[in-house]
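Engineer: pasting a predicted model and its sequence here:
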Amino acid sequence: MRVAVVFVAEKQRDRLMNLAKALGRGLEAQGHQADVIDGSQDIGNKLTIYKYIAIGTEPISLFGGKIPGKVAPYLSNAGKIDGKRSFAFVTKSMIGSTKALQRLMKTMEKEGMFLKYSDILQSAPEAEEIGKRLHVD
């Protein structure tokens, strides 16, 4: 199955990219084809061809749980994604990760995506393990 692992970063691009790649490795260990996509730079990418979509971002404020403003426009221009099964994740921070995850899930649901799972990821090994256990079928 084709799976897209999309990350949208504003401040910590390298950290978020490492988590997305680790999640992709975990999904590939299950036998899926995982494509890691940088949503901040690959704006023209369409997600229509993917059966499962993982979207990750970071909290950009400590208390408000804000997420990058590029997330919503990227999803609205990503092709036909309504009804797609999906996974939402944010990077772990001291404060605000839970609220940022809620905002990301709300943004994804607004586009019609069907959330199967969500999590706050702290490290690449943790992301890879989640990828190995994620039910995408």
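Structural biologist: Received it, and whenever you're ready, just let me know what you need.

Engineer: for the protein, longest helix please?
Structural biologist: Determined from DSSP state H, the single longest helix within the chain is helix 13-29.

Engineer: buried set for that one?
Structural biologist: Within helix 13-29, the residues that count as buried by 16 or more other Cβ atoms under 10 Å are 15-27. (Glycine included, C-beta is placed from N, CA and C.)

Engineer: chain center to the worst-scoring helix or strand of the chain on mean pLDDT: distance?
Structural biologist: The helix or strand of the chain with the poorest confidence is helix 71-76; it has a mean of 89 (mean pLDDT, DSSP states H and E). Distance of helix 71-76 from its chain centroid, counting by Cα atoms, centre = their mean, to the nearest Å, is 12 Å.

Engineer: which residues in this structure form helices?
Structural biologist: 13-29, 71-76, 97-110, 124-133.

Engineer: could I get those as CSV with distance to Ser40?
Structural biologist: As requested, these are exported to CSV (distance: least, Cβ to Cβ, whole Å):
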stretch, distance to Ser40
helix 13-29, 7
helix 71-76, 8
helix 97-110, 15
helix 124-133, 18
